[in-house]
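A.B. asks: would you be able to build a 3D model of this:
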Amino acid sequence: MFLLQCRENFFLGITPANLLQRAEPGPQKLVELYTRFIGANQIVAFVGLLQEGQYYINLWAAHLLVEHHHPDGPTHQICMDTIERYANSSIDPKVAQQELEWLRRQAQAYPFFN
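C.D. replies: Here you go, the predicted structure:
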């Protein structure tokens, strides 16, 4: 379900760092699915989604983990590396700009993670 919702969001142009889209059904469904993973004690399975690059699956997973789970250590670093890769990518300038802005907001809110 998570993969399918990421695919749907992708084709609708909904991206993880776009704050204007957070209240839309697609992102809300991903938060709900993420909560189910965590509730079923499947955090390891969810972290595995960081390896899937299609339809921004890894980017959605990274955002959900950082914003809702606050991982530490290696998982946090993988999440931030994933987000930074998209922020520095020239493939989709709109997504890159959104991710750069998200990283700036994170740096302001949590300076000790930088």
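
A.B. asks: can you list the weak-confidence ranges in the chain?
C.D. replies: Applying pLDDT under 70 to the chain flags residues 110-114.

A.B. asks: what are the buried residues along the lengthiest helix in it?
C.D. replies: The single longest helix within the chain, with elements called by DSSP state H, is helix 93-109. Neighbour counts over helix 93-109 (16 or more other C-beta atoms under 10 Å) mark 95-96, 98-100, 102-103, 106 as buried. The C-beta positions use only the backbone N, C-alpha and C, and glycine is treated the same way.

A.B. asks: and of those, the nearest to residue 74?
C.D. replies: Closest approach to residue 74 among the buried residues of helix 93-109 (C-beta to C-beta): residue 106, at 18.0 Å.

A.B. asks: okay, the buried residues of helix 93-109 in a markdown table with distance to residue 46 next?
C.D. replies: Below are these laid out as a markdown table (distance: C-beta to C-beta, whole Å):
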| residue | distance to residue 46 |
| --- | --- |
| 95 | 22 |
| 96 | 25 |
| 98 | 22 |
| 99 | 20 |
| 100 | 25 |
| 102 | 20 |
| 103 | 22 |
| 106 | 20 |
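
A.B. asks: just how off-centre is the longest helix of the chain within its chain?
C.D. replies: 12 Å (C-alpha atoms, centre = their mean, to the nearest Å).

A.B. asks: for residue 100, give me its contacts.
C.D. replies: Contacts for residue 100 were tallied using C-beta atoms under 8 Å, 6 or more residues apart in numbering; they are residue 87.

A.B. asks: over to residue 68?
C.D. replies: 31, 34-35, 38.

A.B. asks: if you rank those by neighbours, which is first?
C.D. replies: The most crowded member of the contacts of residue 68, judged by other C-beta atoms under 10 Å, is residue 34 (22 neighbours).

A.B. asks: that one touches residue 66, doesn't it?
C.D. replies: No. Contact between residue 34 and residue 66 fails when scored by C-beta atoms under 8 Å: they sit 11.6 Å apart.
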